[in-house]
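In: Starting from these lines, generate the structure:
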Amino acid sequence: MTISLDDWQRSGQEFRHRGQPIFYQDSGQGEVVLLIHGFPTASWDWNRLWPDLSTRFRCIAPDLIGYGFSAKPRRYDYSILDQADLCERLLAARSVQCVHLLAHDYGDTVAQELLARFLERQRSGEAGLNIRSACLLNGGLFPETHRATRLQVLLNSPLGLVLSALVNRRSFCRSLAAVFGPQSQPSAAELDAFWRLARHNQGTRITHKLIRYIDERRQFRERWVGALQHATIPRRLINGPLDPVSGLHMTRRYRELIPDADIVLLDQIGHYPQVENPSGTLQAYLDFVRTATAS
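Out: Model (predicted):
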């Protein structure tokens, strides 16, 4: 089932992070799943999973600052650390103390930072957000295996400021479609919706600032990879192996570095498993979280 972007926007809520309005969804009952989207899209990425997931869990999904229907201030220090703060503050505002993480792409890195903080609290005995499990979709978990698209490379260069102002629907959609599998390409309507989310609040003007996460991944590699390696909670990677950015080549590195690696490959799928194969992604996640909640 697909939820239209208009319906998604109408059913959303808002809270404030550092004085900025942040859009989010919160529906369902039971154990909480925090869904964290990737670059350059937004929480609507999860819309095909939402009806089924929210009948089983309480699902919370923000548009991170700089994305989707949330604020996109030009004078702002965008960082993974700040996005993790946003997630923690949203959960606190909703009186949530325990979560399962389900993340994709840029959201994987936010999840890694949340895991690192959780590990620190476990070691120190400090109270705070409890994380029960972490399920990650395609993303740059290891900077040495991340193969940025040409547009991402240019945005993260000295040309980024100029290029951000020049990005149009054609270049945006071409770059986005290139990371999907050849047999699971986004429809014209989906591309229109993704472009609308990117343009909302003049968001394309700050893309060069958002893309700095590529450098952050290198800077904090030991912290974020270590969080995955040393976590004692259940972890699963659901991967579209045809993804040119973080597909099969990334899963090989995951097997090398992560103890008892739990990986589900979705045949013929690219970078967006939750969009390209929502039923397969949902089943892989439900199988995982069922085991995680039983442990």
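
In: shaky segments in the stretch 51-200 of the chain?
Out: For the stretch 51-200 of the chain, residues meeting the criterion pLDDT under 70 lie at 159.

In: What's the end-to-end length of stretch 17-32?
Out: Terminal residues of stretch 17-32 lie 21 Å apart, using CA to CA, to the nearest Å.

In: centre of the chain versus that stretch, how much separation?
Out: Mean-position distance between stretch 17-32 and its chain equals 15 Å (CA atoms, centre = their mean, to the nearest Å).

In: before we move on, what about stretch 204-217?
Out: With CA atoms, centre = their mean, you get 14 Å for stretch 204-217.

In: ok, and for it, which residues are buried?
Out: Neighbour counts over stretch 204-217 (16 or more other CB atoms under 10 Å) mark 204, 206-214, 216-217 as buried. In this view, the C-beta of every residue, glycine as well, is placed from N, C-alpha and C.

In: quick one, phi/psi of Ser27?
Out: Backbone torsions of Ser27, given as degrees, to the nearest 10, read phi -150, psi 160.

In: same deal with Val99?
Out: Per-residue torsions, Val99: phi -140, psi 160 (degrees, to the nearest 10).

In: can you give me the strands in the stretch 1-150 of the chain?
Out: 13-17, 20-27, 32-36, 58-62, 98-103, 130-136 (DSSP state E, counting those that start in this stretch).

In: what's the closest of those strands to Leu228?
Out: Among those, the nearest to Leu228 by CB to CB is strand 130-136 (8.0 Å).

In: which secondary structure elements does that closest one contact?
Out: Other elements packing on strand 130-136 under the criterion 3 or more CB pairs under 8 Å, 6 or more residues apart in numbering; DSSP states H and E are strand 98-103, helix 106-124, strand 235-239, helix 278-294.

In: returning to that earlier point: and the strands of the stretch 1-150 of the chain as JSON lines, adding distance to Asp243 and mean neighbour count?
Out: Listed next are these as JSON lines, based on distance: least, CB to CB, whole Å; neighbours: other CB atoms under 10 Å:
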{"stretch": "strand 13-17", "distance to Asp243": "30", "mean neighbour count": "15"}
{"stretch": "strand 20-27", "distance to Asp243": "25", "mean neighbour count": "20"}
{"stretch": "strand 32-36", "distance to Asp243": "18", "mean neighbour count": "25"}
{"stretch": "strand 58-62", "distance to Asp243": "21", "mean neighbour count": "26"}
{"stretch": "strand 98-103", "distance to Asp243": "15", "mean neighbour count": "23"}
{"stretch": "strand 130-136", "distance to Asp243": "13", "mean neighbour count": "22"}
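
In: Turn these into a markdown table, including distance to Leu257.
Out: Formatted as a markdown table, the strands of the stretch 1-150 of the chain follow (distance: least, CB to CB, whole Å):
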| stretch | distance to Leu257 |
| --- | --- |
| strand 13-17 | 32 |
| strand 20-27 | 32 |
| strand 32-36 | 21 |
| strand 58-62 | 28 |
| strand 98-103 | 18 |
| strand 130-136 | 13 |
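
In: Return the member of the buried residues of stretch 204-217 nearest to Tyr106.
Out: Tyr213 (5.9 Å).

In: contacting residues around the closest one?
Out: Contacts for Tyr213 (CB atoms under 8 Å, 6 or more residues apart in numbering) come out as 39, 79-80, 106, 109.

In: Thanks a lot, see you next time.
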